[in-house]
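[1] What shape does this take:
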Amino acid sequence: MCGICGIAFSTRSRRRVDAPELVRMRDTMTHRGPDDYGIFDQGRVGLAHRRLSIIDVAGGHQPMQDDGGSLHIVYNGEIYNHPDLRASLERRGHRYRTRCDTETILHLYQEDGADAVRRLRGMFAFAIWDSRREELFLARDHVGVKPLYYVHTDDGSLYFASEIKALLAARATAPQLNYDVLPDYLANHAPSGAATLFEDVRRLLPGHTLRWRDGAVEIQQYWDLSFARAPHATRTDRDVIADFGDRFSEAVRLQLMSDVPLGVFLSGGIDSASIVAVMSRLVQAPIKTFSVAFAEREANELAYARTVAAACRTDHHEVVVSPEEFFDALPTLVWHEDEPLAHPSSVALYFVAMLASQHVKVVLTGEGSDELLAGYGRYAKTLFNVRWGTRYHRMLPAGLRRAARRAVEQLPVGALARRKLERTFVCLPPDLASIYFDNFAVFPRGMHAGLLTPAARERIGTPDPYRVMSDYLKRTDGCTLLDRLLYVDTKTYLHELLMKQDQMSMAASLESRVPFLDHHLVEFAAGLPERLKLRGFTTKRILRERMKGVLPPSSLARPKMGFPVPVGSWFRGAWRGMVTDLVLGERARERDIFDPGMVRRLVDEHLLGRADHTERLWSLVNVELWLRRFVDGEEDVRIGHPRYSAALR
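    From the prediction side, this is the model:
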């Protein structure tokens, strides 16, 4: 796990690499690689690296070059099939100088060029400068576990880095809000495609490569997710479940590759518990497990984690985060994430990563299982709404449908029945934009006109916050509605979760690995019949069936809960002044982005308990913190403590 960055100047720019510029980029990411660092500078091209040493601690210095000195690589990640690839390459005459997987990528590139990425099994983002061809090649892993951002300037020059802040340190672009993706962020927690909230900063999408040659950029996709079901068509469910278990165990085994201690983030849910159970059978010493919670009862699930830890006899560690610690860390974590924190659970993840970093250098996590195996409750709800909503709108006259909707609207505001019915086909048209995208959005489309000021709406034009996701819906070969939704979420929502996982763990100089997202396992899961993913309202059925008799019954029966963070109650309590100042203070109003009247209504309704606007207020708070840190350039952003009220103005 490392931080990589680099610069390639086109001949039109008439510039040469400035070593201090590369050093600024590199050392902005010291947290990603505190163990080692290096620079390669060849006139118009420069590469820099920060290393967290995991494999071949002594011999893996980067940038690394091939024997002939024409290929130079900076690389972030782990190649889990490195031992097999190395043996194959050595049989074909390649000679190794180190034990690290970085050298394997170089040898593969010597043989296969850009096609080398197709043989890699792992998480990776790397750049290779080929001085003979004067060509820079960038690649990102299949599902996007490792980040890679870039700026391609008007003169053809290319800047790239593991984190956006490194690009800003090189002054590749000025930090400005990208209004084009603001509706996407407001609806979907984060931008869904290649664009970021920074103007001109883009990310190389998962499963893609980028080739740069004297100012010209070519981007190609080398991998995509297919839902063809032929492999499982003639097999019994029992055989498929057993096969899944073997493949999952293999993914866990491969990701135990390390020369340093490993552990597991353990929430007590079925995903992380399954990893612990499998891992405990593969290693002799007790596994180190790490859990995080809050003191509030509704946000403390440590009992579930303790049950699994006891059953698997792990060396278990816990941390409980106070609201003061949570909010004190928030500005720093916005800086680490580069964009507004999409989820409050990012803060909890940082604290458990800090705990783990005191004991290990690598952790395995359960991220990705929900997108593979339909773990979110919204899938079952959407299938129900589409199925019955189509019939409802076809069979019931419009007048009766309007009467039913009015009856729901006459129920008391905040009543449970009203909240539930408002999100069903009774009140929503049965199209996916309404039933799925709007229904689970932070700010659905109908709120954008009132939320954004006229000046902001003018800069945005006619927004479609679901454009990227709609494009993915059209692109997939998934035949069922469930598979189409899983494809969209794998390409969009999962990407944001992986960035959270990477950036919060790397803030603690800790490598995180995701066995569920081994791309061989991802491909296998995509071909599963729907009944083995979602059956009625039972999610992840194949994983639950495989883990029967392995995990405690409480872990198998526990429904998907997400990671509870009591932000909503904190916003209503001692921290209400902080919220008001950040989203309604003078600085926020002067930006002329969000309508103060609309924001005031959201704040008042939440404070009075008339509605739960936790996600919306969290989004607005984080936008303001992000603007202060990056656009305003305020390096020491402070949000104060409960008694503070107007100091932010």
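[2] what about Arg401, how many neighbours?
    16 (other Cβ atoms under 10 Å). Bear in mind the C-beta positions are built from the backbone N, C-alpha and C, glycine included.
[3] hang on, it in a strand?
    No: Arg401 is assigned helix when assessed by DSSP: H, G, I helix; E, B strand; the rest coil, not a strand.
[4] Not counting sequence-adjacent ones, nearest residue to it?
    His393 (7.0 Å; Cβ to Cβ, 6 or more residues apart in numbering).
[5] Next up, identify which helix or strand that neighbour is on.
    Assessed by DSSP states H and E, His393 sits inside helix 377-395.
[6] The residue nearest to Arg401 against Leu428, yeah?
    No: at 10.0 Å, His393 does not count as touching Leu428 under the criterion of Cβ atoms under 8 Å.
[7] Which one's more surrounded, those two?
    Ranked by neighbour count (other Cβ under 10 Å), His393 and Leu428 place Leu428 first, with 20 against 15.
[8] How is the more buried one assigned, secondary-structure-wise?
    Going by three-state DSSP: Leu428 is coil.
[9] Give me the pLDDT for the residue nearest to it when sequence neighbours are not counted.
    Nearest non-adjacent residue to Leu428, counting by Cβ to Cβ, 6+ apart: Ser434, 4.8 Å away. Listed pLDDT for Ser434 reads 92.
[10] how much space between Ser434 and Lys474?
    Using Cβ to Cβ, to the nearest Å, Ser434 is found at 18 Å from Lys474.
[11] the more surrounded of the two?
    Higher neighbour count among Ser434 and Lys474: Ser434, with 18 against 7, using other Cβ under 10 Å.
[12] Helix, strand or coil: sort out the more buried one for me.
    Per three-state DSSP, Ser434 ends up helix.
[13] returning to what we had before: what sits against the residue nearest to Arg401?
    His393 makes contacts with Arg401, Phe425, Pro429, Pro430, as judged by Cβ atoms under 8 Å, 6 or more residues apart in numbering.
[14] Tyr179 now?
    Going by Cβ under 8 Å, 6+ apart, Tyr179 touches Ala456, Arg459, Ile460.
[15] ok, 6 Å please
    Contacts for Tyr179 (Cβ atoms under 6 Å, 6 or more residues apart in numbering) come out as Arg459, Ile460.
[16] Return the set of buried residues in stretch 442-462.
    Within stretch 442-462, the residues that count as buried by 16 or more other Cβ atoms under 10 Å are Val442, Phe443, Pro444, Arg445, Met447, His448, Leu451, Leu452, Thr453, Ala456, Arg457.
[17] Throw the contacts of His393 into a markdown table and include distance to Gln284 and pLDDT, thanks.
    Shown next, in a markdown table, are the contacts of His393 (distance: Cβ to Cβ, whole Å; pLDDT from 0 to 100):
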| residue | distance to Gln284 | pLDDT |
| --- | --- | --- |
| Arg401 | 64 | 88 |
| Phe425 | 54 | 89 |
| Pro429 | 58 | 89 |
| Pro430 | 55 | 84 |
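[18] Save those residues as TSV, and put in distance to Thr490 too.
    Shown next, in TSV, are those (distance: Cβ to Cβ, whole Å):
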residue	distance to Thr490
Arg401	34
Phe425	26
Pro429	26
Pro430	24
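[19] Please tell me which one of these counts the most neighbours.
    Phe425 leads the contacts of His393 on contacts (other Cβ under 10 Å) with 21 neighbours.
[20] Please verify my assumption that that one contacts Asn385.
    Yes: the pair Phe425 and Asn385 passes the contact test of Cβ atoms under 6 Å, sitting 4.9 Å apart.
[21] what ranges of the stretch 451-600 of the chain fall below the confidence cut-off?
    560-562 (pLDDT under 70).
[22] the helices in it, which residues?
    For the stretch 451-600 of the chain, applying DSSP state H, counting those that start in this stretch gives helices covering 454-460, 467-475, 481-491, 493-507, 519-526, 541-546, 553-557, 567-572, 576-584, 586-590, 596-607.
[23] okay, those in CSV with distance to Leu177 next?
    Listed next are those as CSV, based on distance: least, Cβ to Cβ, whole Å:
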stretch, distance to Leu177
helix 454-460, 9
helix 467-475, 18
helix 481-491, 24
helix 493-507, 18
helix 519-526, 34
helix 541-546, 41
helix 553-557, 43
helix 567-572, 24
helix 576-584, 16
helix 586-590, 13
helix 596-607, 17
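[24] Any idea which of those gets closest to Val319?
    In terms of Cβ to Cβ, the element of the helices of the stretch 451-600 of the chain nearest to Val319 is helix 493-507, at 13.6 Å.
[25] quick one: contacts of that closest one?
    Identification of contacts with helix 493-507 by Cβ under 6 Å, 6+ apart yields 31-32, 144-145, 147, 189-190, 336-337, 342, 346, 349-350, 353, 367, 371, 512.
[26] Just want the angle from that helix to helix 467-475.
    If you take axes from the mean of the first three to the mean of the last three Cα atoms, to 10 degrees, helix 493-507 sits at 120 degrees to helix 467-475.
[27] so what pLDDT did Ala611 get?
    89.
[28] residues in contact with Lys146?
    Asn76, Gly77, Met123, Phe124, Ala125 are the contacts of Lys146 under Cβ under 6 Å, 6+ apart.
[29] Those in strands, which ones?
    Members of those lying in strands (criterion: DSSP state E): Asn76, Gly77, Met123, Phe124, Ala125.
[30] Isn't the third one up against Pro147?
    If I follow you right, that is Met123. No: if you go by Cβ under 6 Å, Met123 and Pro147 don't touch, sitting 10.3 Å apart.
[31] More neighbours: which of these two?
    A count of neighbours by other Cβ under 10 Å puts Met123 above the other of Met123 and Pro147, at 28 against 24.
[32] Could you check how far the more buried one is from Ser226?
    21 Å.
[33] Which residue, other than its chain neighbours, is closest to Ala441?
    Ala187 (4.3 Å).
[34] now swap in Ala161 and tell me
    Cys5 (3.8 Å).
[35] same deal with Glu90?
    Using Cβ to Cβ, 6+ apart, the closest residue to Glu90 is Tyr96 (6.8 Å).
[36] Assign a three-state SS to that neighbour, would you?
    The three-state label for Tyr96, taken from three-state DSSP, comes out as coil.
[37] I'd like to know which of the helices of the stretch 451-600 of the chain is closest to Asp27.
    Going by Cβ to Cβ, the one of those nearest Asp27 is helix 493-507, 14.5 Å.
[38] Perfect, that will be all.
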